[in-house]
Each structure stands twice: as C-alpha cells, then as structure tokens.
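>>> dropping the sequence and predicted coords here.
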Amino acid sequence: MATKLAQTKKLNSGHEIPIIGLGFFKTELEVEDYYNLIKEALDQGYRHLDTAIRYNNEEQIGKALKKIFQEGKYKREDLFITSKVFPNMGDIKTNIKESLQRLQLEYLDLYLLHWPAFGMQDGKFSHRPVHVLYPELESCVEEKLTKSIGVSNFNVQSLLDLLAYCKIKPVTNQVEINIYLQQPRLIEFCNKFGIEVTSYRSLVNGGEIFQEPTLVRLAEKYKKTVAQILLNFTCFELGVIVIPKTQKPQRLSENFQWQDFRLEKEDVEILKKMDKNQRTIDPYFIPFFSHFPLFD
C-alpha cells in the first residue's frame, strides 16, 4: 500500500509546502539516530523537515540525508527542507551557503530570518535592521540558493514594515501558536497578505498538557490522542502549518496521523476558549532580546 503523504498548501511563491513537518529544535542526536528518525519519518509520510543554524544540527542532518538519498528510495526533490538564520550572523548569502554545505544540499526550499531583532551580546550591539537583511534574503532566491524565503517571530508591525519595501513577499511567518496562544489577530493579518503561518510549540511544552481534562475528554470522544487533537485543531481550525518535534521514532506516527478527521463545531468553540495568550517561549528573559518590543 502506498504511503499517504501530508496534505500541502500552495505558498505565494508558487511552491507547495506540506502542512506538517518534523521540527529539529533542541534535537541532539548522533548521525545514525538522525538517519533512523528521518528515514522513519519519510516512511510514515513526512516530507517537510525544519532546522536552523542555531539548532547546531545541520551537519548531522546532512549526513543522515546523504545516506538516505544514496539508498535511492527518496530523492532530494521529494523533500521540503527549511533552515533559518539569526539577524546577527553576518552576510546572509554566506550563511546559506554554509548551511547548504553542512546539509550537503544544492538548495533549500525555504530560508527564514529567525528573529526580527538582535540586541546586546557580550557588551556589544550587534543588531542589523530588517531592511538591510531582507534584500540579502531576496538575493538568495535570485541565485537559486533557496526556492522561497520567509520570516520567524515577526509581529504585525514588523510584517507591515517589511511588506512596504520587500520585492519578494515572505511566504511564511513561523511563530509560537498553540491551544494556549492562538494569535488570531496575527493569523488574520498574515492571511490577508497571502503569508502562511507556521506554528512551533504546537504541543505547548508536552507533559502536563497531555493530562488536561478537556483535551483528554475530546481525545476519548474522537478515539485519538491529546497530541492528535492539538495538532488537528492548530492546523485545521487555526489554519496554520505545524512542525512538532520528537526524538522518538515511535512518536512520529502519532504526530502525523491526525489528518483524517475534523472536530465538530461545538468542540472547536470549546478549544478556542482555552486561549490564554500564554507563551512558552519568552525572549524577554534573554538579555539580547530584553529591550525589543518583539510581540504584539
């Protein structure tokens, strides 16, 4: 039986992006473990992989991908691969070329500016404004180093400013979105301008959320897991792409098999009322972000 692939969305660049990907934030594995994880993910139907320079795992992922491609079952063009660059890392084109070298790829499908700002670090001010950085991202598309470009952790004002001068519109804005942080205003703005939203932390922080009584009741009702209820709601009802992470191959199926049902209207309304505007990622505790109004 053929593997059932993830559904896709068409980006404003014309390319298709799977609505679910495998995230690699804080994933620290040996190359062989990455190989096993990614190969199992591909066998399950995943085609979307999301990493970043700051995750410090591009090299290991690249070695795993090389082995997978050499085996012949999967080709580079079968996959949608994303990476990201911090705004203080210097020339964007140099960074993407180094990412491609580590990943052992000729191009990325999507390259994101990881944050809109970067302040003090080690007593030095290292911020480069987006109007300087973004044209460097655009040149990466022009030189076919990446098929699409986008941003991450941008609020409405940051996006509004960018849209005033960009030549190539960002295809996505990757931000924290989950049951406790639904961000309807930001999603509505992005939708209005043809920018897809990608959610990180779709499962909040895991752990306690899986025992939340309302979610447990709904999981029992639909004969799904709490994780599947959360991913289904975030993707289908909030309308965003999800990239849940796991280091456990046995979790891959659970995080993928939620696309075959829809929540009833009354259950959607119950879940929407669980929004607390509560973040799990709070950069204001990080010294080099503490002076920037990053979020609405």
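Here it is on my side, so go on. Numbering: from 1, shown residues only.

>>> show me how far stretch 36-48 is from its chain's centre.
16 Å (CA atoms, centre = their mean, to the nearest Å).

>>> list the buried residues in that stretch.
Leu37, Ile38, Lys39, Glu40, Ala41, Leu42, Gln44, Gly45, Tyr46, Arg47, His48 (16 or more other CB atoms under 10 Å). The way it works is simple: take the backbone N, C-alpha and C, and place the C-beta from them, glycine included.

>>> isn't the fifth one up against Leu22?
Read that as Ala41. Yes: between Ala41 and Leu22 there is a contact under CB atoms under 8 Å: 5.1 Å.

>>> for Gln247, give its distance to Glu59.
17 Å (CB to CB, to the nearest Å).

>>> just Glu208 next, same as before
Glu208 is 34 Å from Glu59, by CB to CB.

>>> the protein: helices as residue ranges?
Ranges of helices within the chain are 31-44, 58-71, 92-103, 130-142, 156-165, 184-192, 213-222, 226-232, 249-256, 265-272, based on DSSP state H.

>>> the nearest residue to Leu112 once chain neighbours are set aside: neighbour count?
Distance criterion CB to CB, 6 or more residues apart in numbering; nearest residue to Leu112, sequence neighbours excluded, is Lys84 at 4.2 Å. Number of residues near Lys84 (other CB atoms under 10 Å) recorded here: 24.

>>> poorly predicted segments of the stretch 151-296 of the chain, please.
Residues of the stretch 151-296 of the chain meeting the criterion pLDDT under 70: 282-296.

>>> let's see that with 90 instead.
Along the stretch 151-296 of the chain, segments meeting pLDDT under 90 span 205-208, 247-250, 278-296.

>>> what about the closest residue to Glu106 other than its chain neighbours, distance to Tyr134?
Excluding the flanking residues, the one nearest Glu106 by CB to CB, 6+ apart is Leu100, at 6.8 Å. Distance of Leu100 to Tyr134, computed by CB to CB: 20 Å.

>>> for Glu32, same thing?
38 Å.

>>> what about the two, which has more around it?
Neighbour count, other CB under 10 Å: between Glu32 and Tyr134, Tyr134 has more, with 21 against 12.

>>> for that one, give me its contacts.
Each residue near Tyr134 by CB atoms under 8 Å, 6 or more residues apart in numbering is listed here: Leu113, Leu162, Tyr165, Cys166.

>>> phi, psi for the last one please.
Looking back up the chat, that one is Cys166. Cys166 adopts backbone torsions of phi -70, psi 150, taken as degrees, to the nearest 10.

>>> hmm, it is touching Glu138, no?
Yes: with contact defined as CB under 8 Å, Cys166 counts as touching Glu138 (7.2 Å).

>>> looking at these two, which is more packed in?
It is Cys166, of Cys166 and Glu138, that has more neighbours when counted by other CB under 10 Å, with 18 against 15.

>>> quick one: contacts for the more buried one?
Neighbours of Cys166 in contact, by CB under 8 Å, 6+ apart: Tyr134, Glu138.
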